[in-house]
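*Asks:* Structure for this input, please:
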Amino acid sequence: MPWKKITMITAASVGLVLLSSCASYLEATPEVRTFQFSGTTLDVESHGVPTDLIASDRTDVEVTRRFSARSGAKEQSWTLVNGRLELVARCGGFANCDARFRVEVPATLTVLRSGQPTDLRGG
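*Replies:* Prediction:
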């Protein structure tokens, strides 16, 4: 019986520690990358990560990534190939991570989100 009680207390303690240290993109240091782009349509694929698409007076595409990972194997990348901007920020295994992207594009550009038309908001 005492071992069962100790196990329950240990599990509860671990749970509290994990909850108190949840990853938040707000705490992450922003990383910025700029891509030259001369096309007319950009397809943004962010794999479920919240992504703000902002119309601006830029002539290039600027991506800001905020990614916080407290546990788990991190996978992150950003590429622009053939008009497709591929944004990846995720954790594997027993993970505790959070991410958000901000993509600023020229106001004249047609932007798709995962192949579907989307609206841009002004920055």
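*Asks:* Report the contact partners of residue 77.
*Replies:* 86, 87, 88 (CB atoms under 8 Å, 6 or more residues apart in numbering). Where C-beta positions appear, they are placed from N, C-alpha and C, glycine not excepted.
*Asks:* Reformat the residues you listed as a markdown table; add pLDDT.
*Replies:* Formatted as a markdown table, the contacts of residue 77 follow (pLDDT from 0 to 100):
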| residue | pLDDT |
| --- | --- |
| 86 | 97 |
| 87 | 97 |
| 88 | 94 |
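*Asks:* ok, which stretches of the protein are strands?
*Replies:* For the chain, the strands defined by DSSP state E cover 31-35, 41-45, 51-56, 61-81, 84-106, 110-113, 116-117, 121-122.
*Asks:* Low-confidence regions, this protein specifically.
*Replies:* Across the chain, the ranges flagged by pLDDT under 70 are 1-21, 23, 25-26, 71-73, 93, 95, 122-123.
*Asks:* that older thread, residue 22: which of the strands of the chain is closest?
*Replies:* strand 84-106 (6.3 Å; CB to CB).
*Asks:* What residues sit buried inside that closest one?
*Replies:* Judged by neighbour count (16 or more other CB atoms under 10 Å), strand 84-106 contains these buried residues: 85, 87-91, 97-106.
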